[in-house]
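In: sequence plus the predicted model coming up.
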Amino acid sequence: MSSLTTDRIRDHATKLGLTHLTEVVTQLVERPENAQMGYLDFVDLLLEEELGLREGRRFRNALKLSGLPHHKSLDDFDFAFQPDLDARKVRDLATLEFVKAKSNVVLLGPPGVGKTMLAVALAIGACQARFSIYFTTLDDLVRRLRAAEATGRFKRQLQVYLRPAVLVVDEVGYLPLDQAKANMVFQLVSRRYERGTMIITSHKSFAEWGGVLGDDVLATAILDRLLHHCDVLNINSPSYRLKDRLNLVTGGESMPRSPRRDRHIRSYTNRHTR
């Protein structure tokens, strides 16, 4: 390829906004395998390079704006340490059919079992599939809504939580809500009902949500909408975060599961997560 042609391609690519193509066109042409390519195959390669760069940039920017506490995927989750968790069900959720159907996922279990990690991993998968995502704790959500209400910006702030295709609400139940905050949660769940996906984590059973929300009737109304189209995963296993400390207790031995050992681990976990 002559330098004149190369310069013209770069100029055209710049005007079309194909910024990556201006940088790599010479290298792509010089690849030995490209000599065997047809014209359409080579055009396909050029566009694939440009699209790959843009998609990578979009994904990184989306993660920065998502509020996620970390960027760990399902590959980082230790299913072997949580044998009671239905790994097949988690893998099914990773296909993101629930996001396409605008249904919800609720992850229940004691502190430290990996609820947040799974929620984040599913959200990252959704982001990779070009769904918009946002992460918040329930406490931060209601605090921001309450502050916005005080300055007349409630509707605008509520849109922050209504806009994403996938909204992750973490740590439901750690702090009880007053009537005003509980009503805000109802508005959010009601507005997102059958319009967008929510992934929720909680260490409280559904029967305890009345105490969290300060109103059994309101809790029932929220759960009615939340659970209508919903997958619920209960994780009743030892603390994921304490597994290294548990290895010290057992001397690092690989021990077969037994009811007695399970009781010992749960007892240890309960003592150290209070």
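Out: In hand now; what should we look at?

In: continuing past the lengthiest helix in the chain, what's the next helix or strand?
Out: Under DSSP state H, the helix in the chain containing the largest number of residues is helix 39-66. Scanning forward in sequence from helix 39-66 by DSSP states H and E, the next helix or strand is helix 87-93.

In: what does that following helix rub up against?
Out: Residues from elsewhere that reach helix 87-93, judged by Cβ atoms under 8 Å, 6 or more residues apart in numbering: 74, 77, 79, 105, 118, 122, 231, 233. (Glycine included, C-beta is placed from N, CA and C.)

In: what sits against the third one?
Out: Contacts were defined as Cβ under 8 Å, 6+ apart; by that measure F79 touches 85, 87, 90.

In: any idea which of those residues is the one closest to T151?
Out: V90 (40.8 Å; Cβ to Cβ).

In: number of nearby residues for the closest one?
Out: 20 (other Cβ atoms under 10 Å).

In: mind listing the helices for the stretch 101-250 of the chain?
Out: According to DSSP state H, counting those that start in this stretch, the stretch 101-250 of the chain carries its helices in the segments 115-128, 138-150, 154-162, 179-192, 209-213, 216-228, 243-250.

In: most tightly surrounded among those helices?
Out: Looking across the helices of the stretch 101-250 of the chain with neighbours counted as mean count of other Cβ atoms under 10 Å, the highest average goes to helix 115-128: a mean of 23.

In: so which elements touch that helix?
Out: helix 39-66, strand 104-108, strand 133-137, strand 166-172, strand 197-202 (3 or more Cβ pairs under 8 Å, 6 or more residues apart in numbering; DSSP states H and E).
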